[in-house]
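J.: Any chance you could fold what I've pasted below:
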Amino acid sequence: MRVLVTGASGFVGSLLVPRLLDEGHEVGALGRDKARVWQAITRSRPEEDLADLEIAGLEVLGGDALTGRGLPEALAGVEVAYYLIHSMERTSSDAAPFAERERTAAENFTAAAAAAGVRRIVYLGGLVPRWEQGDGRRRARSQHLSSREAVERILLAGIPDSVALRASIVIGARSRSFRFLVHLVERLPVLTLPAWQRFRTQPIDARDIIAMLAACATADVSHRSLDVGGPDVLSYGEMILAIRDLLLVGRPSLRLGVSATPLAGRIAAAIAREDPALVLPLMEGLQGDLLVGDDEAARLLKVELHGFSSAVEHALGEWEECEPLSAR
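T.: Numbering: from 1, shown residues only. Okay, here's the model as predicted:
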């Protein structure tokens, strides 16, 4: 089967491409910068060189969903297309707002996929919050989560056989969200936990999300959205403290009664040496629990889930194979 992976230079895309090749698919890997795509994929599979990957059926393609450049050529003959585009990168001051850019890219891609006769789009989005209504209030969704849900609706409406996986934080050596948490633990002498530390989620091992995405190419999961998460329910505070313990570093913790997200987010980004454009939208989404509605996805896609500690230990091990962890 010919498959296209967009966002192939990203964390998830660069791991998914070799997995699909291993399963016998002919894979096109699409990115705005072909050199970055090659670099990301070979970093995920360092034992193979470019020739090995090309022999296995990989073609790296240049294109841009936002402008539509290269989409007809990339989608020609494709049966299943993975939509892994979700950028929070800074743009010029005269660029369209984030949500508008996301919508435009999804609409362009869906139209091009329909014209090419693509059978299914597989999308990786975010968990939809299920706010508790006991206090009589309904909290507004963050722009980040709302945009992901809007993209999902566009893709599923345009190609009826499509499927969306909705995940919270993915635990992997190159996951920017996970790396952000690790850097905070490494660099903060006292782990200051804002009020959002009490909210719960279900982080998922990168190995599991890749297995689920690969299974979506052929699984009988037409036109539906599936919540995906690991087996462990943890608060964000518990998650940070667990990472501390697995790093074997002694850091006292201090729990705060307020979040002060705009200020706290910028301070945290500076400490972790991360772009505030990534950190602030993520922290703005921490307004309540982000939990999986059921475990149907793992059953339907036949994936055995790893627990949180196993996921973190595996991610840290892969991290140390490429670069040192300053906490160790």
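J.: C-alpha from now on. contacts and neighbour counts both.
T.: Fine.
J.: Mind naming the longest helix for this structure?
T.: helix 98-116 (DSSP state H).
J.: And the contacts of the next helix or strand after it?
T.: Moving toward the C-terminus from helix 98-116, the next helix or strand (DSSP states H and E) is strand 120-126. For strand 120-126, contacts defined as Cα atoms under 8 Å, 6 or more residues apart in numbering pick out 79-84, 145, 148-149, 152, 155-156, 159-168, 213, 216-217.
J.: Return the distance of strand 120-126 from the chain's centre.
T.: Computed by Cα atoms, centre = their mean, to the nearest Å, the separation of strand 120-126 from the middle of its chain amounts to 11 Å.
J.: Next, the angle helix 98-116 makes with that strand.
T.: Angle, strand 120-126 to helix 98-116, by axes from the mean of the first three to the mean of the last three Cα atoms, to 10 degrees: 160 degrees.
J.: Would you mind listing the buried residues in the helix or strand that strand 120-126 is followed by?
T.: Later in the chain than strand 120-126, the nearest helix or strand by DSSP H and E is helix 143-158. By neighbour count with 16 or more other Cα atoms under 10 Å, helix 143-158 contains the buried residues 144-149, 151-152, 154-156, 158.
J.: can you check stretch 30-45 too?
T.: In terms of neighbour count (16+ other Cα under 10 Å), stretch 30-45 has its buried residues at 30-32, 34, 37-38, 40-42, 44.
J.: can I see the domain layout of the protein?
T.: 1-161, 175-203+229-291+304-328 (automatic domain parsing).
J.: would a markdown table of the ones you listed with mean pLDDT and distance to Ala298 be doable?
T.: Putting the domains of the chain into a markdown table (pLDDT from 0 to 100; distance: least, Cα to Cα, whole Å) gives the following:
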| stretch | mean pLDDT | distance to Ala298 |
| --- | --- | --- |
| domain 1-161 | 86 | 15 |
| domain 175-203+229-291+304-328 | 83 | 7 |
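J.: Compare these and give me the one nearest Val221.
T.: Across the domains of the chain, the minimum distance to Val221, taken as Cα to Cα, is reached by domain 1-161, at 8.1 Å.
J.: for that closest one, the distance to its chain's centre please.
T.: Taking Cα atoms, centre = their mean, one finds domain 1-161 lying 10 Å from the centre of the chain it belongs to.
J.: first vs last residue of it, how far apart are they?
T.: 16 Å (Cα to Cα, to the nearest Å).
J.: surely Val17 meets Val5?
T.: Yes: Val17 is within contact range of Val5, at 7.0 Å (criterion: Cα atoms under 8 Å).
J.: Do I have it right that Ala211 meets Val303?
T.: Yes: Ala211 lies in contact with Val303 (Cα under 8 Å); the separation is 6.7 Å.
J.: Which of those two has more residues huddled nearby?
T.: Set Ala211 next to Val303 and count neighbours by other Cα atoms under 10 Å: Ala211 wins out with 19 against 16.
J.: how many other residues sit next to Trp319?
T.: Number of residues near Trp319 (other Cα under 10 Å) recorded here: 16.
J.: so who does it touch?
T.: Contacts of Trp319 (Cα under 8 Å, 6+ apart): 173-174, 325.
J.: Phi first, then psi, for Gly10.
T.: Main-chain dihedrals, Gly10, degrees, to the nearest 10: phi -80, psi 170.
J.: how close does it get to Ile209?
T.: Going from Gly10 to Ile209 by Cα to Cα gives 14 Å.
J.: try Glu296
T.: To Ile209, Glu296 is 14 Å away according to Cα to Cα.
J.: Please say which of the two ends up with more neighbours.
T.: Ile209 (24 against 13).
J.: What is the helix or strand containing that one packed up against?
T.: Here Ile209 sits within helix 206-215, counting by DSSP H and E. When contacts are defined as 3 or more Cα pairs under 8 Å, 6 or more residues apart in numbering; DSSP states H and E, helix 206-215 packs onto helix 11-22, strand 170-171, helix 296-301.
J.: Mind putting those into TSV with distance to Ala315?
T.: Shown next, in TSV, are these (distance: least, Cα to Cα, whole Å):
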stretch	distance to Ala315
helix 11-22	13
strand 170-171	7
helix 296-301	21
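J.: nearest to Ile267, of these?
T.: Of the helices and strands packed on helix 206-215, nearest to Ile267 by Cα to Cα is strand 170-171, at 22.8 Å.
J.: Can you name the two of the buried residues of stretch 30-45 that sit furthest apart?
T.: Arg32 and Ser44 (18.7 Å).
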